[in-house]
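In: 3D, please:
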Amino acid sequence: MTVPPKYRLIGFLSIFALVLSACGAASNESTIATSVAATVQAEHTLAAQATPTESETTQTPPPLSSSPTALTTKAPPTAPPTGNGPLCTASASFISETIPDGTITSPGSVFTKIWRIKNTGTCPWNSSWKFVYVSGDLLGGATVYNFPQPAAPGDTVNVPVVFTAPQDSGSYRGYWKIQSPWGLAFGDSGSGNPFWVDIVVGSGTPANSKTETAYGITNVTYDVSRTCTTANTFYTITAHITSNGPVTATYTWVQSDGNNKANNKVTFATAETKSTSRDWSQKIGSSSNPRWAQIIITDPAYKEFAQVTLPALCW
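Out: Have a look, this model is predicted:
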């Protein structure tokens, strides 16, 4: 039987539509399969990135450099201009000196005075600490000197300063102090006095001269020690006698009990301090009245110096 043309066209179109439908389904399945495979691959990739390998978990970090790069440090706050530092106490004690007070020097002469000073505080001294001029006669020195050497607490240090005597005759004195890095200036912490240089400019006339610039004894200070026993109190009195130049001096020990000793001699080759001692003992039961001793210079010029009072008896 012959199929009419319009029915042949309808059949052809139906078959074509079926073929297209089958191809579309296959294409969609392929697309879905490809998408699933990509998703699985992505999950595997993420898992691989999130899970370290064995070599990564056991690797040791490199050691620190033995010479690390220096870090920038912030400067500490500035300490107050007066008072002690935030972590230590500034204190000093005068021990001894060269060029004692009243030393006679010739006009224009250059000399070095040395103060021996003990660090009695808790601050270590170094070159950031200064020795500074305060007042009086500068005598040709600078106004500020760096500390000459370090001194830990308890150490003793020599502080030398070079001076020049003026051309004009007369007495001269200049005052000095130690200055901390935060600006505190202080002298001998025990007495509260500054350190000083004291000279007399003159010709240095003979010791028996009565002029202002004659060599002689300018100062006497004392130390007293006491020893106790069951029967006695023993004293040792040490007198420190200072001259202003080369001189032989005659002196007398005077005691409150009348046990004096005269015609003692001491010779000085230059301006310096020399010491001499005298013992004094008291038996148990002795009077408790105050006791004192004194040095009196009888030559080259008569001069009395202050008395020293002895400590009380042991009982």
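
In: Which element, helix or strand, includes Ser128?
Out: Assessed by DSSP states H and E, Ser128 sits outside every helix and strand.

In: hmm, I was thinking of Thr238
Out: Going by DSSP H and E, Thr238 is in strand 232-243.

In: in that strand, what's buried?
Out: Using 16 or more other Cβ atoms under 10 Å as the burial criterion, the residues of strand 232-243 that qualify are Thr233, Tyr235, Ile237, Ala239, His240, Ile241, Thr242, Ser243. C-beta here means a position set from N, CA and C on the backbone, and glycine is covered the same way.

In: which other residues reach stretch 126-142?
Out: The contact list for stretch 126-142 (Cβ atoms under 8 Å, 6 or more residues apart in numbering) reads 110, 143-147, 150, 159, 161-166, 172-181, 185, 194, 196-197, 199.

In: closest to Pro124 among the buried residues of strand 232-243?
Out: Ranked by distance to Pro124 (Cβ to Cβ), the buried residues of strand 232-243 are led by His240 at 30.4 Å.

In: Make sure the closest one is actually in contact with Val266.
Out: No. Counting by Cβ atoms under 8 Å, His240 does not reach Val266; the two are 11.0 Å apart.

In: so what's in contact with the two at the same time?
Out: With Cβ under 8 Å, 6+ apart, His240 and Val266 have common neighbours Lys274.

In: So in that sheet, which strands flank the strand holding Thr238, and in what orientation?
Out: Paired with strand 232-243 in the same sheet, following DSSP bridges, are strand 217-228 (antiparallel), strand 273-283 (antiparallel).

In: sorry, back to before: buried ones only from the contacts of stretch 126-142, please, as a ChimeraX command.
Out: Here is the ChimeraX command that selects the buried residues among the contacts of stretch 126-142 (16+ other Cβ under 10 Å):
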select :145,147,159,161,163,165,166,172,174,175,176,177,178,179,180,181,194,196,197,199
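
In: Report the residue spans of the stretch 101-250 of the chain with pLDDT below the cut-off.
Out: Applying pLDDT under 70 to the stretch 101-250 of the chain flags residues 206-212.

In: Tell me which stretches of it form strands.
Out: 103-105, 110-119, 130-136, 144-146, 156-164, 170-179, 185-186, 195-201, 217-228, 232-243, 247-255 (DSSP state E, counting those that start in this stretch).
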